[in-house]
Every structure is written in structure tokens, then in C-alpha cells.
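Undergrad: Need coordinates for the following:
(chains A and B)
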Protein chains: 2
Amino acid sequence: MKVKLEDVAKRAEVSPTTVSRVLNNRGYISEQTRKKVEKAIEELNYYPNDIARSLFKKRTNFIGLVLPTINNPFFSELALYIENICSDLGYKVILCNSLMQIDKEKAYARMLIGHQVDGIIVCTYNRGVEAYKNPKLPIVAIDHYLSPTIPVVGSDNYAGGRMAVQHLIDQGCRSIIHINGPIELETPTQMRRKAYEDLIDNPITYELINLFDEEYTAVSIRQILKKHPETDGIFASDDLIAATCLKVANELNIQVPDQLKIVGYDGTETVLRLLPQLTTIKQPIQEIAKTSVSKLMNLIENPDCDEALETFLPIELVINETT
Amino acid sequence: MKVKLEDVAKRAEVSPTTVSRVLNNRGYISEQTRKKVEKAIEELNYYPNDIARSLFKKRTNFIGLVLPTINNPFFSELALYIENICSDLGYKVILCNSLMQIDKEKAYARMLIGHQVDGIIVCTYNRGVEAYKNPKLPIVAIDHYLSPTIPVVGSDNYAGGRMAVQHLIDQGCRSIIHINGPIELETPTQMRRKAYEDLIDNPITYELINLFDEEYTAVSIRQILKKHPETDGIFASDDLIAATCLKVANELNIQVPDQLKIVGYDGTETVLRLLPQLTTIKQPIQEIAKTSVSKLMNLIENPDCDEALETFLPIELVINETT
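TA: Next up is the predicted model:
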């Protein structure tokens, strides 16, 4: 016979409400009571039928997380924090890798809505996903303008861009170029470009069409450095581009930092572990995750609440051997 | 009024069965028909209520993916492939980061079962999660023995270990040490250690208790190199450990590869992009993902099928500048 919530309550010698609180991570429960309930759950092998429960509650406790690709140090660190915060709040995260393909992203959006997720966090660059425009659906975007009414959370990209370029100037660079993604992507990260162009008299910005293709990135950087041999500073809009700049400079026997200085952007744990010599602008990834989830929870609990539409968190310059 | 599946069929001028096939990614559908149905779905803003549907079907099309942490190049690459393959098959992936904490993993297992996932892929090292022992629940483990009846998929760790150590010997190394995780973790990766100990006369293996703490890893490696200044070769059981060996060697002014040669293990895209000088054993991560998902699907479709209990896929030595 199927074990019921009441059986767990009886075994743990608590009320059914207390068992329900432990299961839902809601309200105050002493450590001792929690342990008693968890022990009873294990001993009885009790599994709440969450699907039937969600039909009853009109809440699924599912959150969709849509990324370009989890196989990228920035998104994987962000996803770790988001998932762990959601898990502590009793929410489950459905992972979606859009691979920058609009059709794939549309299908994910439809799937998430079909599963009645309580909300979605979107970190992709695709516009034109109609499903996101449903005003009843709580959505928060990270580093990406989705629609005029959807809150965006990110780092202070303009200040980060200024800090990176000013650091190169202070280190004596006179011919600084900037490498970024396509300008058509209307992301707040374009503010990194704007900061560069505001600070430099004759700015030279290169756009990489496919940000996630290393081969293409390396070929492009080789051409850029050959066309502009006077370059003595590069501000790359992310650390992976910066890493490829360093690799190409090594191949071309350009000494870093003596002949060429490089600053990246993101400062993830993975990059700082694998490439500890890289100077970079460190984003507050954990804070971005916390703020995004907290905004999303507010929208879920109170759909009419007035969330600030733009939140940009402070960044930090981490100086290492590439400058 | 709520749009129904029949409305979509009418608008697309196809049968309701065809619409259902498109929604479920089942059966043959021509590209033209799929486009027509998708257009009708968008125009009518149709969302199938997947929760009610899953109660009816007794299948949720959810897969749980339990990892130590997604913020690690090996697991993020694996997760990308697993999620994308599942998505193509019409399955959604619930991401769970256990952070190597047994209580967290038990809670995830209970949650996944409560949500009636159709199956779970487990890549963590925790034993003793009772929920995994439910014989009715399809589970596949990656690089990790969960129970005598659960299939394990991984790379050929013994061959990989031999290849790494033989390469160091061939390059002239005479004092080769091995750095691995705790031997208590009964993972197939311990075969990397066995290969080293079989090949070397007086093996010196160091165990790092906390594989994911870089600070601790660096301190340990500094002590190892000071205690064994004769060391001229290191076989590290993963690339992150190898990266820290390289960093510590640089700090101690030990020339790599002249005085010390280093071989890692994993060969992820991220590591080869950020640390292209690292010699490593490349795992077939995409194949591991494909094989795991395909085994899981077989177990879901046919719970009594006889899946091979161990599948170890071929590895490859990638020689770069650290040897």
C-alpha cells in the first residue's frame, strides 16, 4: 500500500502540517524536528506525488533556465549559483541550452510554458521569442534586453569597460583595440564597447560573429594583429576571447605583456584557475544569480510588483601578468 | 477561450494526430508539415498543458541529471551534450548540483522521484543514497559505481592511465608521481591510479581529499614538490589538478617541460582553449553522453532489458607543450 503523508507524521510524532512544511521548505522548523521527519521519510520510503500536488496548488515549483550553452565558464558558474539558490527555496531548475538557435529557443519557451513553470531566467541573445511576451509569465533576463517590461540583471558593463581600458592606458598602451560580439545583439554588454569608444580617440572595434567558435576566433585575431601590428593593448569583451588573443600572440612571437597587454572580462573561477596570468574584469556572478532569483521570486509571489527594470552590480579589476 | 489541439489541427489543415506527433517529436513528419503545424501553434498561441498530459500518459518526459557541480569543464561539457540529446528526444532535464554533500543528494533524489522523472543520470560520488536502489527507477551512472545492478558508462580509464604514464616514461621521466582523488571513492577513475601503479616500480600516489578546492590543491602540490624535488613527471587524474601543478611549478621556478613534465586527464574544450599547452588524455565526452542517454532510454522503454553493466569508451593522448 502506498505510504501517505499522514503515515510519515505518525511515525515522526508530528502533525501532517509539520511534514508538509519540511517537504516544502516553508515556515520555521527546528533542526531536530526536521531530522525526525526526514528519518521517517527515509524509513517509510515516502515519496510525495509532486505532480498531482502541483495541479492542486497551481504552482509547479519549476524554473526554466535558458542559456546559450552551459559549456562556458561564465554560464556554468552562473547556473551553479542559480540552481543552488532555487533548490534552497524549494524550486527545481529545467536546463535549456539554446545554442544561439532561435528555433531551438522558441521550442524551449513553448515547452517551459507547457509545463507551467513558475518563471524563467533567460540569458540568451535571441530576440523575437513571442512566448516571452506573455505578460502573465514571470521572467528575468541576465545581460540581455528581452522586452521593455522584463527586468535585466547584470554587471556594471560601462564601468567595467572604462576600468579595463583605463588600466591599459595607465600601463602605457597607445594603440588599443577592442574585440566584441556582433553589435546587433542588443545586450547591456555593448556598454563595454561604448566605454572603450568613449575613452579612445580613434577606436578600432572588431566584431566576432560567432562568439563560441574558437577556430574562427583565432583566425580573426590573427588577421587583426597582422593588419594592426602597432597594437599594444587589447580589451576583449570576454575571457575566452582574451585567452585566444594570448594564444595567437604566443604563436606570432609577440611578447605579452612587454609588446602587447591583454584584458578580458568575466573573471570566472574556471578561467582564473586555468589561466591565472590573465588580467580581467571580474563580474559578481554569485550576486547576479542571487539578484535574478530574488527578482523572479518577487514576480512569482506578486505579479503586479514593481521590480526595478535594470540592476547593474559592481565589478572589480583583477590585475595579473597579461598587463 | 483556451485554444485546443483540435484548433491547431484545423488551422494547419492536418489531423490532430499529426499535431500531437509534432508536439511529442514522435513518428515521421515531413519538414513542410512540421513547419505548418509550428506556424499554427505560434499564430494561435497554443500551449499544451503538459502536466495534465503527463498524468494521463504516466510518463513525465523528465530526466534528472545529478552532478557534483556544473561549474567544472568536464561536467558542463557532459551536461550540454546530455541535455541537447534529451531535448531532441523530447525529454527535459532537471539540473541538480549535489556539491558532494550526501544530504543534498538525498534530497535531490527524493525530489526527482516525487516528480516522477522517467529516469536519472548520476555523475556524483556519493554512495548510500537509498532512493537510487529502487529497482523500478531507470538509472545510468557515469564514471561511478552506484550499485551492482546500475549500468556505468565512462572512458577506458585503465588504458588512459597507461597511455599517460607510458608517455611520461617515453619522454625520459624517471621519477613520476600520481595525484588523484580519495581512494575511498569507488569510481572507475581509480583505474587511472591502478594503471600508474602497475607501470611504475616505486609508485608515489597522493590523494587530494577535496578535489574542487583550488587553494587546498595548490598547497598540497607545493608540499609534494618540496618533499620530492627529484620529481620529473606528474600524471594528474584530471586537468584542473594538472593546471594547478603547472601554476605551482611556475611559482617555484621549475621549468616545464624541461625539468618537469605534466599530463592531465579529460581534455575538455574549455581546458584545451584556456590552457592549450597542456598534454592530456582526452575523454570522448560526447560519446559518453550519447551512450548514457541511449542506455537510459532503453531502460525506460523496456525496464527488463539487459543493458551491459560496464561500458568504457576509447580515449586519446593529446600531446602539447607540458611534455
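Undergrad: Any idea how far stretch A:171-179 is from the middle of the chain?
TA: What separates the centre of stretch A:171-179 from the centre of its chain is 28 Å, taken as Cα atoms, centre = their mean, to the nearest Å.
Undergrad: what does that stretch rub up against?
TA: By Cβ atoms under 8 Å, 6 or more residues apart in numbering or on different chains, the list of residues contacting stretch A:171-179 from outside reads A:165, A:168-169, A:192-193, A:196-197, A:200, A:203-206, A:208, A:220-221, A:224, A:228, A:230-237, A:241, A:245, A:257, A:261, A:323. For glycine as for every other residue, the C-beta is placed from the backbone atoms N, C-alpha and C.
Undergrad: Which is the succeeding secondary structure element to the helix or strand of chain A with the lowest mean pLDDT?
TA: Every helix and strand in chain A was compared by mean pLDDT, DSSP states H and E; the lowest is helix A:50-57, with a mean of 57. The helix or strand immediately downstream of helix A:50-57 is strand A:62-67, counting by DSSP states H and E.
Undergrad: Quick check: which helices or strands does that following strand pack against?
TA: Other elements packing on strand A:62-67 under the criterion 3 or more Cβ pairs under 8 Å, 6 or more residues apart in numbering or on different chains; DSSP states H and E are helix A:73-88, strand A:92-97, helix A:102-114, strand A:119-122.
Undergrad: How much space separates the closest residue to A:Ala12 other than its chain neighbours from chain B?
TA: The shortest distance from A:Ala12 to any non-neighbouring residue, by Cβ to Cβ, 6 or more residues apart in numbering or on different chains, is to A:Ala40 (3.9 Å). Relative to chain B, A:Ala40 is positioned 13 Å away (criterion: Cβ to the nearest Cβ, to the nearest Å).
Undergrad: Name the SS class of A:Ala40, please.
TA: Taking DSSP: H, G, I helix; E, B strand; the rest coil as the rule, one finds A:Ala40 in the helix state.
Undergrad: Helices of the stretch 151-300 of chain A, start to end?
TA: Using DSSP state H, counting those that start in this stretch, the helices of the stretch 151-300 of chain A run over A:157-170, A:190-199, A:214-227, A:239-251, A:269-274, A:285-301.
Undergrad: Among these, which comes closest to chain B?
TA: Using Cβ to the nearest Cβ as the criterion, the shortest distance between chain B and the helices of the stretch 151-300 of chain A is 4.1 Å, found for helix A:269-274.
Undergrad: can you list contacts of the closest one?
TA: Counting by Cβ under 8 Å, 6+ apart, the neighbours of helix A:269-274 from elsewhere in the structure are A:73, A:76-77, A:239-240, A:243, A:264, A:278, A:280, A:318, B:71-73, B:214, B:240, B:243-244, B:270-271, B:274-275.
Undergrad: which parts of that helix are buried?
TA: When neighbours are counted by 16 or more other Cβ atoms under 10 Å in any protein chain shown, the buried residues of helix A:269-274 are found to be A:Glu269, A:Thr270, A:Val271, A:Leu272, A:Arg273, A:Leu274.
Undergrad: what does stretch A:35-48 give?
TA: Neighbour-count burial for stretch A:35-48 [16+ other Cβ under 10 Å]: A:Lys36, A:Val37, A:Glu38, A:Ala40, A:Ile41, A:Tyr46, A:Tyr47, A:Pro48.
Undergrad: do the same with stretch A:207-226
TA: Within stretch A:207-226, judged by 16+ other Cβ under 10 Å, the buried ones are A:Glu207, A:Leu208, A:Leu211, A:Phe212, A:Glu214, A:Thr217, A:Ala218, A:Ser220, A:Ile221, A:Ile224, A:Leu225.
Undergrad: With stretch A:188-199 instead?
TA: Buried residues in stretch A:188-199, defined by neighbour count with 16+ other Cβ under 10 Å: A:Pro188, A:Thr189, A:Gln190, A:Met191, A:Arg192, A:Arg193, A:Ala195, A:Tyr196, A:Glu197, A:Leu199.
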